[in-house]
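> Next comes the sequence, and after it the predicted model I'd like to discuss.
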Amino acid sequence: MRTITLNTGREIGTGKPSYIIAEIGINHNGSLDLAKQLIDEAVAAKADAVKFQKRTPEVCVPKDQWEIMRDTPWGKMSYIDYKRKTEFGAVEYSAIDQYCKKLGIDWFASAWDLESVDFLEQFDPVMHKLASASLTDLPLIEKCLQTGRPLMLSTGMSTVKEIETAVDLVKSFDENYPLMIAHSTSAYPCKPEELNLRMINTLQAKYPDAPAGYSGHETGLTTTVAAVVMGATFVERHFTLDRAMWGSDHAASVEPQGLQRLVRDIRDVEIAAGDGIKKVYDSEIGPMKRLRVNISPEYQL
């Protein structure tokens, strides 16, 4: 299994601590203050990175939906105006970039269109991420590849053939391109019976040179910890201050205390996994002498 090194020095791959991503996405609801609060909580939880989503509304919103009126926290407005209001621009991302560097946490974003890739490049991100919805957007994949940055592909709502097509495109660009592949199921929230965590192992076997990970949309924490036990070299969970907040992704997100427990439990299972070599620990010698009838000579003193 290949190890990928980010421009911050963090390594992602088998044998390395799982790279834990707190996905803020659009849960900032267009507020830089809220985004900073979420970054603070991710740092407090000891996550490795926060992730956002970047769109050019005029490109990503179908023209026939622009003038559809929607009820929003800011009153009734057209769908295109709503998307513009919740989208961060250069001023906000410059502040986010500086804030994350100050606090020592990585950040990056999912680009949903070509223009957004160019926009994000000015901030020297640790990687580019392609959301599951973008897996079949081959021009967008090519645009990300042209940057040379590590690329994370998420595979929700995708067939095996679609995954193969995307990976083949990456490999045809550069056989050794730094690629990561995330297993995912694109249901919000996702039922346990649809998580299919064994796909992590399937991806590992099919693409041994690409670190495999997990992007989860379930409501609990246990299954994400299980993903790490099953070999996920990185995990991503949507993150919010309050699951009851207005917005499409909050209900399938983890709150601050949950994120803290998730990071803690992942680190505990990584330590507990050990090296697979049987040994007698110093803490066992006392009980051994009290309880064993026959003791190996090296422990009899």
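Here it is on my side, so go on.
> For the stretch 1-150 of the chain, give me the ranges with low pLDDT.
Along the stretch 1-150 of the chain, segments meeting pLDDT under 70 span 1.
> packing partners for the longest helix anywhere in the chain?
Using DSSP state H to define each element, the chain has its longest helix at helix 256-273. Contacts defined by 3 or more Cβ pairs under 8 Å, 6 or more residues apart in numbering; DSSP states H and E place helix 256-273 against strand 19-25, helix 32-44, helix 222-229, strand 234-238. Backbone N, C-alpha and C define where each C-beta goes, glycine included.
> Would you indicate which residues of stretch 192-208 are buried?
Leu195, Leu197, Met199, Ile200, Leu203, Gln204, Tyr207 (16 or more other Cβ atoms under 10 Å).
> what sits against the residue lying closest to the fifth one once chain neighbours are set aside?
Take Leu203 and drop its neighbours on the chain: the residue closest to it by Cβ to Cβ, 6 or more residues apart in numbering is Ala212, 4.2 Å away. Taking Cβ atoms under 8 Å, 6 or more residues apart in numbering as the criterion, Ala212 is in contact with Met180, Ile181, Ala182, His183, Ile200, Leu203, Gln204, Gly231, Ala232, Thr233.
> okay if I get these as a markdown table plus distance to Glu164?
Listed next are the contacts of Ala212 as a markdown table, based on distance: Cβ to Cβ, whole Å:
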| residue | distance to Glu164 |
| --- | --- |
| Met180 | 16 |
| Ile181 | 11 |
| Ala182 | 16 |
| His183 | 15 |
| Ile200 | 17 |
| Leu203 | 11 |
| Gln204 | 15 |
| Gly231 | 21 |
| Ala232 | 21 |
| Thr233 | 21 |
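> And the residue nearest to Asp265 when sequence neighbours are not counted, how far from Met288?
Nearest residue to Asp265 in three dimensions, chain neighbours excluded: Val225, at 4.8 Å (Cβ to Cβ, 6+ apart). According to Cβ to Cβ, to the nearest Å, Val225 and Met288 sit 32 Å apart.
> what about those two, which has more around it?
The neighbour comparison of Val225 against Met288 (other Cβ atoms under 10 Å) goes to Val225, with 22 against 12.
> Was I right to think the more buried one contacts Val263?
No: taking contacts as Cβ atoms under 8 Å, Val225 lies outside contact range of Val263: 10.0 Å.
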